[in-house]
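Student: Turn this into a model:
(2 chains)
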There are 2 protein chains.
Amino acid sequence: MPRLRLALGQTNPIVGDLAGNAAQIVEAARRARQRGADLLAVGECALSGYPIEDLASRPSFLASCADAVRRLATDLEAAGLGDLPVVVGHPDGPFEPRTLGTSNAPTAIAQNAASVLQHGAVRARYAKHHLPNYSVFDEYRIFIPGDDLLVVRLAGVDVAIVICEDLWRDGGPAARVLEAGAELLLVINGSPFERDKDEVRLPLVERRARENRVPVAYVNLVGGQDDLVFDGDSVVVDGTGRLVARAPQFREHLLVVDLELDPAGNEHDDRIPDRVTRVELDAREVAERPELAPDIAELPDDREQLWNALVLGLRDYAGKNGFASVILGLSGGIDSAVCAAIATDALGEARVFGVSMPSRYSSEHSRTDADELAERLGCNYSVEPIMDLVHPVEEQLRLSGIAAENVQARMRAILLMAKSNMDGHLVLTTGNKTELAVGYSTIYGDSAGGFAPIKDVPKLLVWELARWRNAFAAARGEKPPIPENSISKPPSAELRPDQTDQDTLPPYEVLDGVLDACITQALGRSDIVALGFDEETVNFVTRLVDRAEWKRRQGAIGPKISGMAFGRDRRLPITYRPNL
Amino acid sequence: MPRLRLALGQTNPIVGDLAGNAAQIVEAARRARQRGADLLAVGECALSGYPIEDLASRPSFLASCADAVRRLATDLEAAGLGDLPVVVGHPDGPFEPRTLGTSNAPTAIAQNAASVLQHGAVRARYAKHHLPNYSVFDEYRIFIPGDDLLVVRLAGVDVAIVICEDLWRDGGPAARVLEAGAELLLVINGSPFERDKDEVRLPLVERRARENRVPVAYVNLVGGQDDLVFDGDSVVVDGTGRLVARAPQFREHLLVVDLELDPAGNEHDDRIPDRVTRVELDAREVAERPELAPDIAELPDDREQLWNALVLGLRDYAGKNGFASVILGLSGGIDSAVCAAIATDALGEARVFGVSMPSRYSSEHSRTDADELAERLGCNYSVEPIMDLVHPVEEQLRLSGIAAENVQARMRAILLMAKSNMDGHLVLTTGNKTELAVGYSTIYGDSAGGFAPIKDVPKLLVWELARWRNAFAAARGEKPPIPENSISKPPSAELRPDQTDQDTLPPYEVLDGVLDACITQALGRSDIVALGFDEETVNFVTRLVDRAEWKRRQGAIGPKISGMAFGRDRRLPITYRPNL
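Tutor: You can find the predicted model right below:
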């Protein structure tokens, strides 16, 4: 029973930064070697970053990727790591276009590939069969499906390699390649986080292991990429479906595990179906290796996972786009308080700039709650009253009602953007998912900003996360970051005297319930009413949701944490008459 | 040789307005009957509107569509038109999901169908085989492909029916169904306009007719839908590939044509391949019918086509979204002048509101050119100086440089949005494609607005269209709408003294050339240099284009007229390090 020491590199690539991503992989190989690993695998498109969208249809990008694969192989060799086989994901091409199409628009010319590098060269290659094209995935648009299967043999062990979606299909390439005989299934993935995803992903890996009686190793990317957050959470289960290794969520990690495997028998050879490529890799002399300590990270609870996803989403968006700092308006309310706390956890208090911008309708507590928040966080803080800036506009245009209210929100956007233009901060917009859903915001006002930390967090969950974050701090003997009054007071936009959100919206308990049915479950009006909601409320809310589509299209991106967010996984026309 | 009188209804649906779209089809049937037609066909998804995006994955929407198909059949019957067979496009479902996916996101549960209605019922049905999933098309995401073929027999004539993309594939369902024997190929389409599309579409129809020696009837939608403009341009060619009927572009039309056809012989029956459904429709007694005048619309020249596309795109976006009027800033420059002229052609001068918003840096000619434009157009016009509004902001924040420049542009956005909030106008943003490409605009400033009439028009083409529109007016004895000085003066943003666009950008002749290579042809830097452009300029411009992706994501939608516009047919990550 040979022991295979497998290393899974949970790396955090930047899309297009081929040299930087390759350097992460070389570093993972160096550490894998130090720990005596026989084989290293990194995630889907770990070399290019993921998802790459229409970059995959540019021949010049594919040429750069092909160069980067060759260079990675020679860099590993030059670093004395050439005998360690490395499985790396990358786009491959260009190939003949799948279709010519009806216009001169680019179409799929690439494959989503895994290459096995050893001794300075590409020794084997696999192309993903199943191209997800739903939700946030657009792969059928940009990739040509593969149809070959791959088994590499290393020190007498047959390792089958597939990519992400290939694992999810019953009877798909994972099942077929294992029929051909293999002692280990290795899956490289780019699988984004969403709430409770671990309740789906790990059970799938366990089931595939049990079905085929082989260990399954699942390596995932980590990091924020636009509105996606890859959570890592790479896992290895043995042939009985038992979890034997798990990388931590939301950070880079090298997971190393020893697997006891039956050696591949020659009897497999005559069962090989068509289209299985077998490649024999060179095995290194295995010297005495130190025992490995078990490495099974514990998953934190739901709220901590969500908070960590939001923190990483913001940190990587700012960092990968070259922003050293962020700026946001602090209203004293719960949304901006939670955003500021996320930003402080992501970047440190010195890189967060809060601005209180009171108007004539701002209550005393708005100002004092904002002051207190800034003090608790220790972030930078300034006060910029807007009364004297708004007044001349109202006078010149003789504004009243909504038009006047919106000027206040838009003047605040002018101030934040001006400070951003002066000092290079990324402007955060603090709207939550509920507000975005019903359009309860001012376009070019409070909705202005480059990144929206809580755009996928419904209002009730914003409060829950605030309470969780405070309790988490208290449990560690730290000062809770969010002022109690910001959590407990009734929410208000404060654009006119004594305004509260519930002047125009149903109670949040009802609203978030209807929105979950309407957005996450995509139910029609009559189905939502059948869940027990009041018909008039349902009609009112769904009308708001349909009308707000336009605002959402012009909104900032922000981390996705739920099954169905606004953004790429929800594509509706702007021009339409709802008929649902 | 029986004569088949065929009617093609070029209708302009609104997505989701099932009752209104059905009423358009009933009206087309009424007029087809008056003109003695034997068969009426309307466009792809003419009943639901097109494209419907993720509405196709909502069971409640599909249920509404199924109701609407049944109701259309009975409405036609009730109107005394039941014996006229009507071919109508609509989404059909729900069916079992194509894949379960890795999350609870909706996936394809619908087919893109054509139903043949007669005597108050659905007599036959076809589902599109080839689902385009490139450029602006997302059909593989939302539809399940069909795999049956359909031939309907009417008065002894076999008519094969396919949908749009099915016609484009060599050896596809159009070819296969014709092998089974048919005397006419009928194709229903949702084919959006782009420049020179008629040089691709008509030759394809002609080629298919010649290849199969059968007449081909091609019916297309018309109208603006978000950033797409369907141009109509429905055509019929005979079995030798000769054009025998053509509907006008950019307006609703009923095209009626007589076709001399060989009757279907019984010998076809034994050649029917599997999966061809044959349905015999009831033929009406053909009474004496008046001769038809030939109906072959002439295509206008390139500039006129483009102008008409821009006018219809704006008219339908405003109209279908319930805006009675539009408002835009008039700077005296060429972009706002062209947008105002398009708006006036689209909506009439009474529904266009121009606002001149001079700053301390505005030249005298900015004001006088704007005055003159408004006078020539006859639109509503007001002047709102911004100096006294901008000054307090600059003072309070001690702004300088770009930050101060941007406040001017953002203050103008506040004024336009305030007027929009007061009076319900749709705000137009007047940026052109060149400006959008390189990010030469102020986010939440001049880029603010719900619709961008010329977002797909490069700067050189803006000038060309302005000159064309003036010449077009002059040729008809009308006053040219655009002041000569707006066309001839050097372009400037006028955000600081004596600024011109060429302070920071290469000459537009060079810039538009590089951008065409970079965006429309999706070439990498070295390929663009190989075209003869200066390397430093290419690096400078492509860097600007990469950085501007963020602004474009937050931009207004606007009509697409080129092979590769910003918006749905260009999906790039926001976070990436260019490596092209």
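
Student: chain center to the helix or strand containing residue A:316: distance?
Tutor: Assigned by DSSP states H and E, residue A:316 belongs to helix A:302-320. Averaging C-alpha positions (Cα atoms, centre = their mean, to the nearest Å) puts helix A:302-320 9 Å from its chain's average.

Student: Over to stretch A:361-378?
Tutor: With Cα atoms, centre = their mean, you get 32 Å for stretch A:361-378.

Student: Stretch A:43-58 now?
Tutor: That offset, for stretch A:43-58, works out to 14 Å (Cα atoms, centre = their mean).

Student: can I get the CA coordinates of that stretch in CSV?
Tutor: C-alpha atoms of stretch A:43-58 as CSV (Å, rounded to 0.1, in the frame of the first residue of the first chain):
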residue,chain,number,x,y,z
GLY,A,43,-7.4,25.5,-8.5
GLU,A,44,-9.3,25.9,-11.7
CYS,A,45,-7.7,28.7,-13.8
ALA,A,46,-5.4,29.4,-10.9
LEU,A,47,-2.8,30.6,-13.5
SER,A,48,-5.1,33.2,-15.2
GLY,A,49,-7.5,33.9,-12.3
TYR,A,50,-11.2,33.1,-12.6
PRO,A,51,-13.7,33.8,-14.0
ILE,A,52,-12.1,35.5,-17.0
GLU,A,53,-15.2,36.3,-19.0
ASP,A,54,-14.7,37.4,-22.6
LEU,A,55,-10.9,37.6,-22.1
ALA,A,56,-11.2,33.9,-23.0
SER,A,57,-12.2,35.0,-26.5
ARG,A,58,-9.1,37.2,-27.1
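
Student: what about that stretch, near chain B?
Tutor: Yes. Stretch A:43-58 lies within reach of chain B by Cβ under 8 Å from any Cβ of the partner chain, at A:49, A:51, A:52, A:53, A:54, A:55, A:57, A:58. Where you see a C-beta, it was placed from the backbone N, CA and C, and this is true even at glycine.

Student: could you redo these as TSV and give each row neighbour count and distance to residue A:431?
Tutor: Output for those, formatted as TSV (neighbours: other Cβ atoms under 10 Å in any protein chain shown; distance: Cβ to Cβ, whole Å):
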residue	neighbour count	distance to residue A:431
A:49	31	28
A:51	24	25
A:52	28	28
A:53	19	25
A:54	21	28
A:55	27	29
A:57	26	33
A:58	22	34
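
Student: Determine which two of those are furthest apart.
Tutor: A:49 and A:57 (15.8 Å; Cβ to Cβ).

Student: Please identify the buried residues of whatever helix or strand residue A:124 lives in?
Tutor: Residue A:124 belongs to strand A:121-127 when assigned by DSSP H and E. Buried residues in strand A:121-127, counting neighbours by 16 or more other Cβ atoms under 10 Å in any protein chain shown, are found at A:122, A:123, A:124, A:125, A:126, A:127.

Student: what does the helix or strand of chain A with the lowest mean pLDDT contact?
Tutor: Each helix and strand of chain A was given a mean pLDDT (mean pLDDT, DSSP states H and E); the minimum falls on helix A:549-553 at a mean of 86. The contact list for helix A:549-553 (Cβ atoms under 8 Å, 6 or more residues apart in numbering or on different chains) reads A:436, A:439, A:441, A:443, A:447, A:566, A:572, A:573, A:574, B:450, B:557.

Student: let's see it at 6 Å
Tutor: A:436, A:439, A:443, A:566, A:572, A:574 (Cβ atoms under 6 Å, 6 or more residues apart in numbering or on different chains).

Student: Next: stretch A:524-541.
Tutor: Taking Cβ under 6 Å, 6+ apart as the rule, stretch A:524-541 contacts A:506, A:514, A:517, A:542, A:580, B:60.

Student: Which positions within that stretch qualify as buried?
Tutor: Buried residues in stretch A:524-541 (16+ other Cβ under 10 Å): A:524, A:525, A:527, A:528, A:529, A:533, A:537, A:538, A:540, A:541.

Student: tell me which element the third one falls in.
Tutor: Under the criterion of DSSP H and E, residue A:527 resides in helix A:525-530.

Student: Any chance you could give me that helix in PDB, C-alpha atoms only?
Tutor: Coordinates of each C-alpha in helix A:525-530 appear next as PDB, following Å, rounded to 0.1, in the frame of the first residue of the first chain:
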ATOM      1  CA  ARG A 525     -47.000  36.900  -7.200                       C
ATOM      2  CA  SER A 526     -49.700  34.300  -6.700                       C
ATOM      3  CA  ASP A 527     -47.200  31.800  -5.400                       C
ATOM      4  CA  ILE A 528     -45.900  34.400  -2.900                       C
ATOM      5  CA  VAL A 529     -49.400  35.100  -1.700                       C
ATOM      6  CA  ALA A 530     -49.900  31.400  -1.300                       C
END
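
Student: Stretch A:240-254 spans what distance, first to last residue?
Tutor: From its first residue to its last, stretch A:240-254 covers 24 Å (Cα to Cα, to the nearest Å).

Student: can you list the weak-confidence ranges in the stretch 1-150 of chain A?
Tutor: A:1, A:99-106 (pLDDT under 70).

Student: For the stretch 251-400 of chain A, which segments are assigned as helices?
Tutor: A:302-320, A:334-347, A:364-377, A:387-397 (DSSP state H, counting those that start in this stretch).

Student: now the angle from the first one to helix A:334-347?
Tutor: Same thing as helix A:302-320. With axes from the mean of the first three to the mean of the last three Cα atoms, to 10 degrees defining the directions, helix A:302-320 sits at 70 degrees from helix A:334-347.

Student: Helix A:302-320 packs against which elements?
Tutor: strand A:222-225, strand A:228-231, helix A:334-347 (3 or more Cβ pairs under 6 Å, 6 or more residues apart in numbering or on different chains; DSSP states H and E).

Student: what sits up against the longest one?
Tutor: Contact partners of helix A:334-347, identified using Cβ under 6 Å, 6+ apart, comprise A:310-311, A:314-315, A:326, A:328, A:330, A:352, A:354, A:373, A:377, A:379, A:428, A:430, A:432, A:453, A:462, A:466, A:469, A:481-482, A:486.

Student: I'd like to check the angle between it and helix A:364-377, please.
Tutor: Using the same axes, to 10 degrees: helix A:334-347 against helix A:364-377 is 10 degrees.

Student: What are the buried residues along helix A:334-347?
Tutor: A:334-347.

Student: For residue A:557, what are phi and psi?
Tutor: The phi/psi pair for residue A:557 (degrees, to the nearest 10) reads phi -80, psi 160.

Student: any idea how far it is from residue A:539?
Tutor: Separation of residue A:557 from residue A:539 (Cβ to Cβ, to the nearest Å): 30 Å.

Student: go on, residue A:365?
Tutor: 35 Å.

Student: what helix or strand is the residue nearest to residue A:120 when sequence neighbours are not counted on?
Tutor: Leaving aside its chain neighbours, residue A:120 sits nearest to residue A:77 (3.6 Å; criterion: Cβ to Cβ, 6 or more residues apart in numbering or on different chains). Assigning secondary structure by DSSP H and E places residue A:77 in helix A:59-78.

Student: thinking again about what came up before, so which one among the contacts of stretch A:524-541 has the lowest pLDDT?
Tutor: Least confident entry in the contacts of stretch A:524-541, by pLDDT: residue A:580, with 51.

Student: Any idea how many residues pack against the nearest residue to residue A:331 once chain neighbours are set aside?
Tutor: Spatial nearest neighbour of residue A:331, excluding adjacent residues (Cβ to Cβ, 6+ apart): residue A:366 at 5.9 Å. When neighbours are defined as other Cβ atoms under 10 Å in any protein chain shown, residue A:366 has 22 of them.

Student: Distance check, residue A:366 against chain B.
Tutor: Residue A:366 sits 19 Å away from chain B, taking Cβ to the nearest Cβ, to the nearest Å as the criterion.

Student: That residue contacts residue A:332, correct?
Tutor: Yes. Applying Cβ atoms under 6 Å, one finds residue A:366 in contact with residue A:332, separated by 3.7 Å.
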